[in-house]
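>>> sequence below, structure please.
(one chain, ligands or ions: 1)
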Amino acid sequence: MSKTTVTDSATQKNELNEFEQHYFTSYDHFGIHEEMLQDTVRTLSYRNAIAQNKDFFKGKVVLDVGCGTGILSMFAAKNGAKHVIGVDMSSIIEMAKQIVELNGLSDKITLLRGKLEDVVLPYKKVDIIISEWMGYFLLYESMLDTVLYARDNYLVKGGLIFPDKCSIHVAGLEDSKYKGEKLNYWQDVYGFDYSPFIPLVKREPLVDTVDNSCVNTTKCKLIEFDLNTVTIADLAFKSKFKLQAKRQDFINGLISWFDIEFPAAKGMNPVTFSTGAHATYTHWKQTVFYLEDDLECEPNDVLEGQLTCVPNEKNNRDLDINISYYFKASGPDGKERSRKGNNSFVMH
Ligand SMILES: C[S@@+](CC[C@H](N)C(=O)[O-])C[C@H]1O[C@@H](n2cnc3c(N)ncnc32)[C@H](O)[C@@H]1O
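Residues are numbered from 1 along each chain as shown. From the prediction side, this is the model:
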């Protein structure tokens, strides 16, 4: 294998449904790649995880699922991989070709345009899969499905996936001012009543940075996935959570984030990163689910419930999320402050 080749796409864009066309077109423009490359927590975690495990990569065939500008392929090639195959459906792969050539890595990296599910790889099996597939709330975009397809069809038995562990977490959040402004805005728009928008606004989780001082409960791990064994069916999940209020305050919603872990040699610390409010900024920010109720809490009051997350039926890259909860307040006014609720959200 010797040349970086981007020939015709294995998948014709007009064969894709409207949602897929829209999804892949969003990665055509350099702006989204600039944002990802400039996210140093993200990009340096991949570089460190690969560089700290040179022995894993030495002489190995690597598949970069959704290679974008080719950054992860080049990290792998620079750290001893025998050959890297980068696959991407978006036209950004044409830029990846130029970049790989410019950096003298054409003999080590083969780039193929098309959906991973449609391309024919130059190797029957690969030793390592690398991929940056994570979306907001970890699973938005459903790109993990493609990584699991690659694992099931191309990874040698005992092969490695970078990263291979991930988990989603939640906690309670005080955000009265912003929540109020966001909803009240629609009550009076230049003197007109725009309130029919309010139910739509309520259904949409907010992706934004949250000040960690606004997190006012204990945190809870909702779910974790081991990419070596998880199935696509497991990605539609139902998890219970239990949070304890830390102070007298209002809980206006739940904040969620995800953590990522890469494989490491025995006895070595794995490279990890978190997208939580307690950690350094990443372009994933945090995802906030505002609850219908504003819960008036005292220390040790308990908010427990269940979060269900399933791909949307119409567009499986969107997520339907449901949160049912029981806020159990204690003390003399506990009964008055206790609440039950059931809120549905769509991430699209
Ligand atoms: C989050 S970006 C990561 C880009 C690059 N690996 C990086 O780290 O900067 C994901 C990329 O995967 C590509 N992608 C998503 N699903 C794909 C599929 N099924 N087949 C091929 N490419 C895919 C997208 O076009 C996009 O360029």
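>>> C-alpha from now on. contacts and neighbour counts both.
Fine.
>>> domain map for this structure?
Domain assignment for the chain, taken from the TED database, gives 13-132, 166-347.
>>> what about the longest one and the ligand, any contact?
No: no part of domain 166-347 sits near the ligand under the criterion Cα under 6 Å from any ligand atom; the closest distance found is 10.3 Å.
>>> what's the mean pLDDT across that domain?
The pLDDT scores in domain 166-347 average 97.
>>> cool, stretch 64-73 as well?
98.
>>> near the ligand at all, stretch 94-109?
No: remark: stretch 94-109 sits outside contact range of the ligand, by Cα under 6 Å from any ligand atom, the gap being at least 9.8 Å.
>>> mind listing what's buried in that stretch?
For stretch 94-109, the neighbour count (16 or more other Cα atoms under 10 Å) marks E94, M95, A96, K97, I99, V100, L105, S106, D107, K108, I109 as buried.
>>> before we move on, what about stretch 55-75?
Those would be 56-58, 60-75, for stretch 55-75 by 16+ other Cα under 10 Å.
>>> what is the nearest of the buried residues of stretch 94-109 to R42?
A96 (18.7 Å; Cα to Cα).
>>> picking that back up, out of the domains of the chain, which one sits most buried?
domain 13-132 (a mean of 19; mean count of other Cα atoms under 10 Å).
>>> that one: end-to-end distance?
22 Å (Cα to Cα, to the nearest Å).
>>> nearest to L160, out of the domains of the chain?
So among the domains of the chain, domain 13-132 is nearest, using Cα to Cα, at 4.8 Å.
>>> from the buried residues of stretch 94-109, which is closest to P332?
A96 (64.3 Å).
>>> what strand or helix carries the closest one?
helix 92-102 (DSSP states H and E).
>>> again, but for E20
E20 belongs to helix 18-25, assigned by DSSP H and E.
>>> and for M36?
helix 30-38.
>>> next one: D127
Using DSSP H and E, D127 maps to strand 126-131.
>>> model confidence over that strand, on average?
Here the average pLDDT along strand 126-131 is 98.
>>> alpha carbons of it, as CSV, please.
Taking Å, rounded to 0.1, in the frame of the first residue of the first chain, the C-alpha atoms of strand 126-131 are listed here in CSV:
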residue,chain,number,x,y,z
VAL,A,126,-7.3,-3.9,10.9
ASP,A,127,-5.4,-4.1,14.3
ILE,A,128,-6.7,-0.8,15.7
ILE,A,129,-9.7,1.5,15.2
ILE,A,130,-9.3,5.2,16.0
SER,A,131,-12.3,7.5,15.8
